[in-house]
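In: sequence first, predicted model second:
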Amino acid sequence: MVQIRPFRGVRPPAELAEKVAALPYDVVNSQEAEQLAAENPYSFFHIDKAEIDLPETIDPYDEQVYQKAAENFADFRRKNWLIKEEQPVFYLYQLTMGTRSQTGLVVCTSIEDYLAKKIKKHEYTRPEKELDRIRHIEACDANTSPIFLSYRKETAIQSIIDQWQAAHAPLYDFTSFHEVTHTVWLMDDQKTIDELVGLFADVPALYIADGHHRTESAVKVGKEKKGSSLESDIFLSIIFPDDQLAIWEYNRVLKVTIPDDFLSQLQENFVVEKSEKVKPEKPGEFQLFWESEWYRLAIKPEKIPASVVESLDVSLLQTYVFENIFGIQDVRTDPRIDFIGGIRGSEELERLVKQEEWNLAFSLYPTAMKDLLAVADANEIMPPKSTWFEPKLLSGLFLHELETR
């Protein structure tokens, strides 16, 4: 029921893969990207965050940035730092973090499927962030970053992937950011490709795990360019079985005026007690760091709504604390709240509060993958910043040219 297509991938040669590969554009700021790309002309940040090659005063959304991205992309192609496959292929992309591995199939997916809601979302997007990627895609005439998708595991698909990995040497194999090992296999056998295309035709739906803005942007560019080329009707994706993915907690920090009866207000909806733990142990629990102490907050069972979205931990915290106590209605725009990815640890929450950058920190239990799928299946939307996936897919290893000019 979903369409996948092989494509003539644009990628670095094996000897440059580790130097080219970069963290996703949206998990680092311009200054961090500049530092990471320092003395590395091969870094994909020169394309994905092209402002690092322009004066420091440049607005990262200035038209010159997108022009520079296109110039750098063309330069990478001329120098063969990025090369294009002779024929359409798939890839396998395995990420290993500690003892856990996840292997995704690198393909192109269908704009038609997204519009038909066969590729399901669970987050809203912001127009200004969409516009940034739209301009970047249009300037480069390419999908420069993959969409992170998932599907409910299918044994037949997994068997083919496992067999290919066992029988073939990897194209890339290196360890990079956060000690994650990235291993890539080229899948160029037409019979195997056709078999996977056929098996995915029986998969009911794909789910966006990460990359909602990239998806919306790719779809809008594709709609605008419809008919310009066969490649403009599809977009770059990496598809992982749901049972291999790990969602980390997405924690919150606040800078607010704290009422004198703060604990009493919390106790209306939570069981509150001081705690020596820094992370919640199960759903419905939160750890609060305030005035150099940790508190355990356990939601009272009768306060949990029946709705699949409203019963999520991020929703409970939003309703009973951020809205009811502090009047924070839109967490996407309110400057009194920020979000801290779980990979930074509880130490980062303590540091931010102790240094008085923020005055409250909340450690959450991670959203379950089954809840993400259930929300998407119900055509519902999760609250912003509900999920943080690790490890991150690196950019620069796979690109898809739209071939419209």
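Out: Thanks, I have it.
In: going along the chain, name the strands of the stretch 1-150 of the chain.
Out: In the stretch 1-150 of the chain, strands defined by DSSP state E, counting those that start in this stretch lie at 4-5, 10-11, 83-84, 90-97, 100-110, 119-120, 142-143, 147-151, listed in chain order.
In: any idea which of those is most buried?
Out: Looking across those with neighbours counted as mean count of other Cβ atoms under 10 Å, the highest average goes to strand 142-143: a mean of 26. Quick note: C-beta positions are derived from backbone N, CA and C, even for glycine.
In: endpoints of stretch 303-322, how far apart?
Out: Stretch 303-322 has an end-to-end distance of 15 Å (criterion: Cα to Cα, to the nearest Å).
In: then stretch 23-35?
Out: First-to-last distance for stretch 23-35 - Cα to Cα - comes to 12 Å.
In: begin at 498, not 1, for the rest of this chat.
Out: Sure, I'll start counting at 498 from here, so that last one is stretch 520-532.
In: from the rest of the structure, what touches that stretch?
Out: Judged by Cβ atoms under 8 Å, 6 or more residues apart in numbering, the contacts made with stretch 520-532 from elsewhere in the structure are 519, 533, 542, 545-546, 548-549, 557, 626, 642, 674, 710, 838, 889-892.
In: buried ones from these, can you make that a PyMOL selection?
Out: In PyMOL, the members of those classed as buried (16 or more other Cβ atoms under 10 Å) are selected with the following command:
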select buried, resi 519+533+542+545+546+548+549+642+710+838+889+890+891+892
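In: any chance of the strands of the stretch 498-647 of the chain in CSV, with mean pLDDT and distance to K688 too?
Out: Converted to CSV, the strands of the stretch 498-647 of the chain look like this (pLDDT from 0 to 100; distance: least, Cβ to Cβ, whole Å):
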stretch, mean pLDDT, distance to K688
strand 501-502, 98, 15
strand 507-508, 98, 23
strand 580-581, 98, 23
strand 587-594, 98, 12
strand 597-607, 97, 16
strand 616-617, 98, 26
strand 639-640, 97, 26
strand 644-648, 98, 22
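In: save those as a markdown table, and put in distance to E770 too.
Out: Rendered in a markdown table, the data for the strands of the stretch 498-647 of the chain read as follows (distance: least, Cβ to Cβ, whole Å):
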| stretch | distance to E770 |
| --- | --- |
| strand 501-502 | 50 |
| strand 507-508 | 53 |
| strand 580-581 | 59 |
| strand 587-594 | 33 |
| strand 597-607 | 33 |
| strand 616-617 | 39 |
| strand 639-640 | 50 |
| strand 644-648 | 37 |
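In: closest to E898 out of those strands?
Out: With Cβ to Cβ as the measure, strand 639-640 is the member of the strands of the stretch 498-647 of the chain nearest E898 (4.7 Å).
In: packing partners for that closest one?
Out: If you count contacts as 3 or more Cβ pairs under 8 Å, 6 or more residues apart in numbering; DSSP states H and E, strand 639-640 packs onto strand 897-898.
In: try it again at 10 Å.
Out: Applying 3 or more Cβ pairs under 10 Å, 6 or more residues apart in numbering; DSSP states H and E, we find strand 639-640 packed against helix 560-575, helix 624-637, helix 709-721, strand 731-738, strand 897-898.
In: contacts for that strand, please.
Out: In this structure, residues lying in contact with strand 639-640 by Cβ atoms under 10 Å, 6 or more residues apart in numbering are 504, 507, 544, 566-567, 570, 579, 605, 630, 633-634, 711, 714-715, 718-719, 728, 731-734, 895-901.
In: buried subset of those residues as a ChimeraX selection?
Out: The buried subset of the contacts of strand 639-640, as determined by 16+ other Cβ under 10 Å, is captured in ChimeraX by this line:
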select :504,507,544,566,567,570,579,605,630,633,634,711,714,715,718,719,728,731,732,733,734,895,896,897,898,899,901
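In: coming back round to it: so which of the strands of the stretch 498-647 of the chain comes closest to E877?
Out: Ranked by Cβ to Cβ, the member of the strands of the stretch 498-647 of the chain that lies closest to E877 is strand 616-617, at 10.2 Å.
In: and the residue lying farthest from the centre of the chain, what's its pLDDT?
Out: Ranking residues of the chain by C-alpha distance from their mean position (Cα atoms, centre = their mean) puts D757 at the top, at 38.8 Å. According to the prediction, D757 has pLDDT 96.
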